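A.B. asks: turn this into a structure:
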Amino acid sequence: MEMIMQKSVTAKVVAPTASASAARPAKAVAARASKALGRSTFMGAKAVAPKATKAVRATKAVTTCEGRPWTLPEKAIDADTLECINSIRFLAIDAVEKANSGHPGLPMGCAPMTFVLFNEYMKFNPKNPYWFNRDRFVLSAGHGCMLHYSMLHLTGFESVKKEDLSTFRQWESVMPGHPENFVTPGIEVTTGPLGQGIANAVGLAVAEKHLAGVYNKPDSTVVDHYTYVIMGDGCNMEGISSEAASLAGHWGLGKLIAFYDDNSISIDGHTDISFTEDVMARYEAMNWHTIHVEDGNTDLDALRKAIEDAKAVTDKPTLIKVSTLIGYGSPNKANSHAVHGAALGAAEVQATRDNLKWEYAPFEIPESVYKIMDKTEAGAKWEAEWEATVEEYCSKYPEEGKAFKAQISGELPEGWEDALPVFTPEDKGDATRNHSQTMLNKLAPVIDGLIGGSADLAPSNMTLMKMFGDFQKDTPAERNVRYGVREHAMGAVANALGLHNSGLISYCATFFIFTDYMRSAMRMAALSEIGTLFVMTHDSIGLGEDGPTHQPIEHLASFRAMPNMLMMRPGDGNETAGAYAVAVANRKRPTTMALSRQAMPNLPTTSIAGTKKGAYTVLESKGTPAVIIMGTGTELQYAYEAGQKLQAEGVDARVVSMPCWELFDEQDAEYQESVLPAGVKARVSIEAGSTFGWAKYAPNGFSIGVDTFGASAPAGKLYEHWGLTTDNVVAKAKEAVKTFA
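C.D. replies: Predicted structure coming up:
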């Protein structure tokens with residue numbers, strides 16, 4: 001199908017103004033204006049030149065058109081601005097071509113909106129990427145990351161230097177194939193799985209709204225920044241975007257502005273093969289303000305007006321639908337899936353250079369572009385002005401000022417861990433979900449940045465901080481977050497609260513089984529090196545009558561297999577306190593806590609200190625043990641009781657609690673040997689979940705667990721059926737001893 005070319009229209013290209021070009025020879029100005037004529041008429045518009053130059057008509061090219069027919073006349077763009085926009089495009093084109101891998105189409109289409117946003121509206125300091133009050137930018141369509149890397153380079157960030165531009169997608173490059181916050185300063189969040197970015201953006205906006213609610217005063221504003229995000233059709237197709245957008249509208253996040261790159265192309269072709277809904281109507285129904293920029297290719301004034309209108313609406317987030325041509329400028333691949341996810345190829349790169357009259361070598365950028373786009377001076381000014389505002393705030397409100405500085409420092413308050421309680425066997429046994437609530441309510445008054453909530457399960461997850469109200473549109477200073485039944489968005493929003501890098505410690509909660517709905521967000525937390533607390537209750541078949549749809553089996557094993565995730569399954573009150581001590585202290589590793597519905601006793605030898613080591617002895621043998629019994633969570637009590645019985649019968653048993661395998665594996669060899677001596681072959685493990693993975697510690701097959709789906713019945717009956725009992729542990733231990741006698 002041939003591309004339907006735009007109707008030929010007359011478009012005047014404006015030459016650089018005197019102020020913009022006074023330092024340049026008149027001949028150079030005229031030459032650049034002439035080049036601009038060709039670059040501004042990609043779709044076939046006829047341009048009328050200024051008198052000093054001749055009219056240039058863009059090369060008419062026929063492409064395979066899969067997207068919308070594009071018939072809008074192009075707008076005039078002055079030569080300086082157009083050179084900046086095309087610099088963005090060609091950095092992306094050249095980097096993808098050099099790597100022979102990547103996605104050039106989105107940067108080529110989104111360059112105009114991104115230029116306007118970064119150059120005219122966003123406030124940031126490229127020489128201090130972590131300045132607190134910077135505007136945040138998220139590229140939710142992370143596959144188009146050369147757009148973001150190009151902007152970092154052109155605006156003056158030191159994280160992407162000129163020599164880095166040719167290393168896209170290469171080993172140890174600062175420009176990985178999708179944006180990674182832990183690799184490239186200036187990247188706020190890691191994106192790639194579509195929809196995660198818009199959900200992260202919601203979380204960043206929540207952080208701003210919450211901290212503004214806590215610290216701002218009528219006469220002094222220290223928290224005041226916007227969150228901008230570019231998302232695509234794929235992001236809008238993913239369910240997480242609807243979950244997150246629903247929350248954003250409910251919370252009235254007026255400083256969240258999302259640009260929807262409406263280019264009508266996905267990997268499979270035209271989006272109308274699978275995506276025909278009215279996206280703007282959907283967002284309007286979720287209480288968003290919506291704007292449509294019909295020509296995102298050349299109508300820069302419409303883009304400016306859209307941003308200004310969005311900022312004028314303070315009680316709703318704004319979706320700006322920007323219709324663009326994917327791969328703008330490519331004569332034979334624009335407006336098709338061919339430009340979405342592959343290098344253009346040498347011939348098409350040259351054709352695009354010719355079509356847009358780009359006469360520079362790969363990765364060559366005119367010095368004039370850097371002069372326009374570099375934000376070093378402006379950024380330093382913005383940060384200095386904010387610093388002065390903070391000092392004035394501190395003089396007026398010394399206590400709040402001290403708290404604000406402490407909050408955004410990211411440092412935990414001295415002695416915070418002392419707030420965690422210690423339990424003895426005399427204390428009433430309880431479910432670890434209830435112990436978890438105790439920990440949250442002990443820590444909440446001590447750690448001002450602790451914020452979080454549940455996916456509509458607070459009474460079951462036990463996650464309310466009782467001294468605080470709900471974070472809502474009109475009560476943003478409160479700290480209990482009501483996520484509703486939106487597990488996936490909850491995880492991404494919770495991650496972004498931490499990724500805001502303002503000292504917030506974020507937790508979120510649901511039933512352990514429903515991590516299936518939010519696993520991608522949990523994996524992104526681990527990958528992004530952010531210490532989100534995932535508080536997961538109803539951790540096994542022990543939840544009983546709800547049956548196998550709600551009973552986790554493989555979940556412990558799956559999170560233990562996840563890099564950089566701490567999987568904690570505490571066995572009583574002390575170990576739950578230890579789990580929180582570990583989770584709060586680990587700001588670059590997320591922690592998943594598997595917590596019980598059913599109660600268990602507090603053992604006499606459990607401890608916070610032992611829990612921090614991942615595994616430790618809770619019942620010691622008299623000498624070298626004849627058998628080692630290992631347990632976690634609710635089954636630790638059965639391991640302990642079995643050890644006592646065996647010792648009473650003359651079998652020298654040791655019992656080891658293993659609340660966190662990852663922490664134990666990080667201990668030195670001497671400690672590991674002291675807990676699990678290599679010479680002791682008789683070992684038994686017990687855990688109400690899959691036995692997968694236990695062979696690492698009990699290599700000879702004596703593992704008691706659940707390797708099928710569960711069933712609907714009282715917990716006691718289920719435990720008996722699967723042998724999760726003291727007597728079965730004793731029997732298995734004796735069998736193991738006999739085997740290795």
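A.B. asks: now do residue 365 against residue 83, distance only.
C.D. replies: Going from residue 365 to residue 83 by Cβ to Cβ, to the nearest Å gives 9 Å. (Each C-beta comes from the backbone N, C-alpha and C, glycine too.)
A.B. asks: also residue 419?
C.D. replies: Note on residue 419: its distance to residue 83, by Cβ to Cβ, is 58 Å.
A.B. asks: same question, residue 737
C.D. replies: Taking Cβ to Cβ, one finds residue 737 at 80 Å from residue 83.
A.B. asks: now swap in residue 319 and tell me
C.D. replies: For residue 319, the distance to residue 83 - Cβ to Cβ - is 30 Å.
A.B. asks: looking at those two, which one has more neighbours?
C.D. replies: residue 319 (30 against 22; other Cβ atoms under 10 Å).
A.B. asks: pretty sure the more buried one is touching residue 292, no?
C.D. replies: No. Look at residue 319 against residue 292 with Cβ atoms under 8 Å: they stay out of range, at 9.3 Å.
A.B. asks: which residues does residue 155 contact?
C.D. replies: Going by Cβ atoms under 8 Å, 6 or more residues apart in numbering, residue 155 touches 118, 119, 124, 126, 373, 374, 375.
A.B. asks: just checking, the first one touches residue 151?
C.D. replies: Yes. Between residue 118 and residue 151 there is a contact at 5.3 Å, judged by Cβ under 8 Å.
A.B. asks: look at the two and report which has more neighbours.
C.D. replies: A side-by-side neighbour count of residue 118 and residue 151, using other Cβ under 10 Å, places residue 151 first with 26 against 22.
A.B. asks: work out for me the element that one sits within.
C.D. replies: Using DSSP states H and E, residue 151 sits in helix 146-155.
A.B. asks: dump that helix to CSV, restricted to CA.
C.D. replies: The C-alpha trace of helix 146-155 is given here as CSV (Å, rounded to 0.1, in the frame of the first residue of the first chain):
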residue,chain,number,x,y,z
MET,A,146,18.3,6.8,22.1
LEU,A,147,15.9,9.7,22.3
HIS,A,148,16.7,10.1,26.0
TYR,A,149,20.4,9.5,25.6
SER,A,150,20.5,12.1,22.9
MET,A,151,18.8,14.6,25.1
LEU,A,152,21.2,13.9,28.0
HIS,A,153,24.1,14.5,25.8
LEU,A,154,22.8,17.6,24.1
THR,A,155,21.6,19.3,27.3
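A.B. asks: buried set for it?
C.D. replies: Neighbour-count burial for helix 146-155, with 16 or more other Cβ atoms under 10 Å as criterion, is recorded at 146, 147, 148, 149, 150, 151, 152, 153, 154, 155.
A.B. asks: so which elements touch the very next helix or strand once past it?
C.D. replies: Going down the chain from helix 146-155, the next helix or strand is helix 196-215, by DSSP H and E. Where contact means 3 or more Cβ pairs under 8 Å, 6 or more residues apart in numbering; DSSP states H and E, helix 196-215 is packed against strand 136-139, strand 227-232, helix 239-251, strand 256-262, helix 398-409, helix 487-499, helix 519-528.
A.B. asks: now the angle between helix 398-409 and helix 196-215, please.
C.D. replies: Helix 196-215 and helix 398-409 are oriented at 160 degrees to each other (axes from the mean of the first three to the mean of the last three Cα atoms, to 10 degrees).
A.B. asks: how far is helix 196-215 from where the chain is centred?
C.D. replies: Counting by Cα atoms, centre = their mean, to the nearest Å, helix 196-215 is centred 12 Å from the centre of its parent chain.
A.B. asks: in that helix, what's buried?
C.D. replies: Quick answer for helix 196-215 (16+ other Cβ under 10 Å): 196-212, 214-215.
A.B. asks: check stretch 664-679 too.
C.D. replies: Going by neighbour count (16+ other Cβ under 10 Å), the buried part of stretch 664-679 is 664, 667, 672, 675, 676.
A.B. asks: tell me who's in contact with the nearest residue to residue 191 once chain neighbours are set aside.
C.D. replies: Of all residues not flanking residue 191 in the chain, residue 142 sits nearest, at 3.3 Å (Cβ to Cβ, 6 or more residues apart in numbering). Taking Cβ under 8 Å, 6+ apart as the criterion, residue 142 is in contact with 178, 179, 190, 191, 192, 194, 196, 197.
A.B. asks: could you report the neighbour count for the fourth one?
C.D. replies: Think residue 191. 32.
A.B. asks: thought it was touching residue 139?
C.D. replies: Yes. Residue 191 is within contact range of residue 139, at 5.9 Å (criterion: Cβ under 8 Å).
A.B. asks: what do those two both touch?
C.D. replies: Taking Cβ under 8 Å, 6+ apart as the criterion, residue 191 and residue 139 both touch 145, 179, 197.
A.B. asks: quick one, what contacts the last one?
C.D. replies: If I follow you right, that is residue 197. Going by Cβ under 8 Å, 6+ apart, residue 197 touches 138, 139, 140, 141, 142, 189, 191, 229, 231, 235.
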